[in-house]
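[1] need a structure here:
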Amino acid sequence: MGLSVVINTSALAADAATNLSSGNVPHAQRAWLLRNVILPRYIESGIFSEIMVVGEFEPGLGYGYVPFDSVYHNCADALLKRQAGYEWLKNRNVGWVLFQHDDHMYDVGLNTYPAIEAADVLSPSRWTRARGVTGEALNDGTTTHINGHACLYRFNVAKEVPWTSAPPVFTWDCEITQRLLAAGKLIRYAPSLKVWDMEFGAQPWR
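    Numbering: from 1, shown residues only. Next comes the predicted model:
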């Protein structure tokens, strides 16, 4: 069973040019990032058995696309779109799913995921090169909550603890973490797995 990825996006939503991200950058900028950086890199890497983009984007070669209009027009739409991605994949032969925002890129040059049989959720470390080529670490939740920007789920976790079970609030990463723990899911912080914040013009260290 392989590793799949679900990317939630509103990059081509009707309000994408005016709706600002938490980094105070228009969501529309992420369309270029998806087309020219993230999706080509993921497709070329060959590590993903399925690449799914869910939200307001466009179909293309090498990945699947599930149209899904934003409801909240903020970060809480990630909950709806990630669950929609899981529902699309649920009849596939999937072992793990990387759920991520459209402004982050998984470091595909590393191992796809460590062989931790006891883990249900793997929370990778989060980095940026916005202020230097060597990179710097960002807030990623560490031991307090999962990395909401990008994290790996063993496949059935999203069935037993749906993303939509968390309330649509800014701190939904903390909320979904509590629901995972209440359901007995083992969360492991995996700093050797990296995701990079790629949002142009943002200051993610703030």
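[2] could you use CA atoms for every contact and neighbour count after this?
    Noted.
[3] please save the CA atoms from the longest strand belonging to the chain in PDB.
    As assigned by DSSP state E, the longest strand anywhere in the chain is strand 187-197. Output of strand 187-197 as PDB, limited to C-alpha atoms (Å, rounded to 0.1, in the frame of the first residue of the first chain):
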ATOM      1  CA  ILE A 187       0.500  10.800  17.300                       C
ATOM      2  CA  ARG A 188       4.200  10.900  16.700                       C
ATOM      3  CA  TYR A 189       6.200  14.000  16.000                       C
ATOM      4  CA  ALA A 190       8.500  13.100  13.100                       C
ATOM      5  CA  PRO A 191      11.100  15.900  12.800                       C
ATOM      6  CA  SER A 192      13.100  13.900  10.200                       C
ATOM      7  CA  LEU A 193      10.200  14.400   7.800                       C
ATOM      8  CA  LYS A 194      10.100  18.000   6.500                       C
ATOM      9  CA  VAL A 195       7.600  20.300   4.900                       C
ATOM     10  CA  TRP A 196       8.600  23.600   3.500                       C
ATOM     11  CA  ASP A 197       6.400  26.800   3.700                       C
END
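[4] quick check: mean pLDDT across that strand?
    For strand 187-197, the mean per-residue pLDDT is 93.
[5] can you pull the buried residues of it?
    By neighbour count with 16 or more other CA atoms under 10 Å, strand 187-197 contains the buried residues 187-190, 193-197.
[6] and for stretch 18-36?
    Buried, per 16+ other CA under 10 Å, within stretch 18-36: 19, 21, 25-31, 33-34.
[7] how long is that stretch end to end?
    Start-to-end span of stretch 18-36 (CA to CA, to the nearest Å) is 22 Å.
[8] could you do stretch 125-132 as well?
    End-to-end span of stretch 125-132 (CA to CA): 17 Å.
[9] what sits up against it?
    The list of residues contacting stretch 125-132 from outside it, by CA atoms under 8 Å, 6 or more residues apart in numbering, reads 135-140, 142, 147, 189-198, 203-204.
[10] got the contact list for the most centrally placed residue in the chain?
    The centre of the chain sits closest to Gln100, judged by CA atoms, centre = their mean, with a distance of 0.6 Å. Neighbouring residues of Gln100 by CA under 8 Å, 6+ apart: 5-8, 148-151.
[11] over to Asp69?
    Counting by CA under 8 Å, 6+ apart, Asp69 touches 10, 13, 55-56.
[12] any stretches of this structure with poor pLDDT?
    The model of the chain has pLDDT under 70 over residues 1, 111-117.
[13] now do the strands in it.
    Under the criterion DSSP E, the chain carries strands at the ranges 2-9, 48-55, 64-67, 94-101, 104-106, 121-128, 136-137, 150-154, 187-197.
[14] any chance of those strands in a markdown table, plus distance to Tyr42?
    Supplementary listing: the strands of the chain in a markdown table, determined by distance: least, CA to CA, whole Å:
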| stretch | distance to Tyr42 |
| --- | --- |
| strand 2-9 | 9 |
| strand 48-55 | 7 |
| strand 64-67 | 12 |
| strand 94-101 | 12 |
| strand 104-106 | 8 |
| strand 121-128 | 17 |
| strand 136-137 | 22 |
| strand 150-154 | 14 |
| strand 187-197 | 13 |
